[in-house]
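**Student:** I need the structure of the sequence given here:
(2 chains)
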Amino acid sequence: EAGVAQSPRYKIIEKRQSVAFWCNPISGHATLYWYQQILGQGPKLLIQFQNNGVVDDSQLPKDRFSAERLKGVDSTLKIQPAKLEDSAVYLCASSSLLGLAGGPYEGTGELFFGEGSRLTVL
Amino acid sequence: RKEVEQDPGPFNVPEGATVAFNCTYSNSASQSFFWYRQDCRKEPKLLMSVYSSGNEDGRFTAQLNRASQYISLLIRDSKLSDSATYLCVVKPSGGYNKLIFGAGTRLAVHP
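**Tutor:** You can find the predicted model right below:
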């Protein structure tokens, strides 16, 4: 089974420029996540999609970050304009869970991560 | 207070040693708990779930203390290949399988 695909693997830009990351989740996975991982820290959830709808974007800096998941499959995360503090690894993950925690479709909690897109902002 | 707190380490241990990591969480209503492993410059991968009754998978034992809001991971007979960062992960109640990650504890096993 193919894993979560992400591109590009590495990107170096100057501050105030824009950048876009792409993610293709595991086939059939309804839930897609974008996490930001700054060096020395754990992954921080930016946005979570259930099919093509957003279910959590509470930590997404909406003045500069945007994300979409057209047709409930692939997703793109965009940063415009980038700041120095955006330097991080952007991890996309997917899971097959369908519903609310504690509900009839609660899963095991396993997220499958892609290899990440490493962004350096100069 | 952070939602999930871990000792960052690093823990430097010799092969064969037993090492334990601790994790505390702030939301008493949290439902599910996990340990993920992250190798250097790699993506996180699920190591094991943490059950209320405690659970064991080979050399790894996970325990949960809901009263103290505390999770632990014990690794026995450490191997060089166990060197990695161990992430404590908590799923709050409600919501769509949102997972909160701790900052991780780094383990280095040496010969």
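**Student:** Before we move on, what's the pLDDT of residue 109?
**Tutor:** As the question left the chain open, I've gone with chain A. pLDDT recorded at residue A:109 is 63.
**Student:** I was thinking of chain B, sorry if that wasn't clear
**Tutor:** Reported pLDDT for residue B:109: 97.
**Student:** same question, residue A:28
**Tutor:** On pLDDT, residue A:28 comes in at 87.
**Student:** residues in contact with residue A:65?
**Tutor:** By Cβ atoms under 8 Å, 6 or more residues apart in numbering or on different chains, the contact list for residue A:65 reads A:46, A:77-79. Any C-beta I mention is one placed from the backbone N, CA and C, and that applies to glycine too.
**Student:** make it 6 Å
**Tutor:** Neighbouring residues of residue A:65 by Cβ atoms under 6 Å, 6 or more residues apart in numbering or on different chains: residue A:79.
**Student:** who does residue A:112 bridge with?
**Tutor:** Following DSSP bridges, residue A:112 is listed with bridge partners residue A:94.
**Student:** That one: neighbouring residues, count only.
**Tutor:** As a burial measure, residue A:112 scores 19 neighbours (other Cβ atoms under 10 Å in any protein chain shown).
**Student:** Skipping its backbone neighbours, what lies nearest the residue nearest the centre of chain A in space?
**Tutor:** Central residue check for chain A by Cα atoms, centre = their mean: the C-alpha nearest the mean position is that of residue A:34, 1.6 Å away. Nearest non-adjacent residue to residue A:34, counting by Cβ to Cβ, 6 or more residues apart in numbering or on different chains: residue A:46, 4.5 Å away.
**Student:** Chain A contacts on chain B?
**Tutor:** Where chain B comes near chain A, counting by Cβ under 6 Å from any Cβ of the partner chain, the residues are B:31-32, B:34, B:43-44, B:46, B:87, B:91, B:96-98, B:101-104.
**Student:** hmm, 10 Å instead?
**Tutor:** B:2, B:4, B:6, B:8, B:30-34, B:36, B:38, B:41-46, B:49-50, B:85, B:87-104, B:106 (Cβ under 10 Å from any Cβ of the partner chain).
**Student:** ok, and for stretch A:63-79, which residues are buried?
**Tutor:** A:65-67, A:69, A:75, A:77, A:79 (16 or more other Cβ atoms under 10 Å in any protein chain shown).
**Student:** Which two of the residues you listed have the greatest separation?
**Tutor:** Spanning the widest gap among those are A:69 and A:79, at 16.5 Å by Cβ to Cβ.
**Student:** Tell me which other helices or strands the worst-scoring helix or strand of chain A on mean pLDDT touches.
**Tutor:** Across the helices and strands of chain A, mean confidence by mean pLDDT, DSSP states H and E is lowest for strand A:53-56: a mean of 91. In this structure, strand A:53-56 packs against strand A:44-50, with contacts taken as 3 or more Cβ pairs under 10 Å, 6 or more residues apart in numbering or on different chains; DSSP states H and E.
**Student:** so what does the strand it packs on touch, helix or strand wise?
**Tutor:** Contacts defined by 3+ Cβ pairs under 10 Å, 6+ apart place strand A:44-50 against strand A:31-37, strand A:53-56, strand A:65-68, strand A:75-79, strand A:88-95, strand B:100-101.
**Student:** export the longest one as CSV, just CAs?
**Tutor:** As requested, the backbone C-alpha atoms of strand A:88-95 are provided in CSV (Å, rounded to 0.1, in the frame of the first residue of the first chain):
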residue,chain,number,x,y,z
ALA,A,88,10.0,24.1,10.0
VAL,A,89,9.1,20.7,8.7
TYR,A,90,5.5,20.5,7.4
LEU,A,91,4.1,17.1,7.9
CYS,A,92,1.0,15.8,6.2
ALA,A,93,-0.8,12.8,7.8
SER,A,94,-3.9,10.8,7.1
SER,A,95,-6.1,8.4,8.9
